[in-house]
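Fold the following and give me the result.
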Amino acid sequence: MILTIAIIFSLVGLLMLIAPSVLWIITEKWKSSDATEPSSLYTFSTRIGGVVCLVIAAYATYVLFV
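Numbers count the residues shown, from 1 in each chain. Next up is the predicted model:
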């Protein structure tokens, strides 16, 4: 169970870190009629969230194997 959670957090974290615009298209673009791209604040905060997800995944993996 912990390994599954770690894998999910890793995948989501990598997506948030590498391609925050994909998440913006899925979750935020439809909310605005004139939205063309995510703001720099959205990109920055999404990447920080990706790092947090990766840290959680690394910790879960550490707890599982140690």
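
Packing partners of the longest helix seen in the chain?
For the chain, the helix with the greatest residue count under DSSP state H is helix 40-65. When contacts are defined as 3 or more Cβ pairs under 8 Å, 6 or more residues apart in numbering; DSSP states H and E, helix 40-65 packs onto helix 2-18, helix 20-27. In short, each C-beta sits where N, CA and C put it, glycine included.

With adjacent residues omitted, what lies nearest to residue 29?
Excluding its sequence neighbours, the residue lying closest to residue 29 (Cβ to Cβ, 6 or more residues apart in numbering) is residue 35, at 5.2 Å.

Quick check: the one you found touching residue 27?
No. Assessed by Cβ atoms under 8 Å, residue 35 is found out of contact with residue 27, at 11.5 Å.

Now for this protein, the helix or strand with the poorest mean pLDDT.
Lowest by mean pLDDT, DSSP states H and E among the helices and strands of the chain is helix 20-27, with a mean of 93.

what sits up against that helix?
By Cβ atoms under 8 Å, 6 or more residues apart in numbering, the residues outside helix 20-27 that reach it are 15, 16, 37, 38, 42, 43, 46, 47, 50.

Please report the distance of the second one from residue 65.
Pointing back at residue 16 there. Distance, residue 16 to residue 65, using Cβ to Cβ, to the nearest Å: 24 Å.

between those two, who's got more neighbours?
More crowded of residue 16 and residue 65, by other Cβ atoms under 10 Å: residue 16, with 21 against 8.

Residue 34: what secondary structure?
Following DSSP: H, G, I helix; E, B strand; the rest coil, residue 34 is assigned to coil.

State the number of residues packed around it.
4.

quick one, what contacts the residue nearest to residue 3 when sequence neighbours are not counted?
What sits nearest to residue 3 in space, not counting adjacent residues and going by Cβ to Cβ, 6+ apart, is residue 64, at 5.9 Å. Applying Cβ under 8 Å, 6+ apart, one finds that residue 64 lies in contact with 2, 3, 6.
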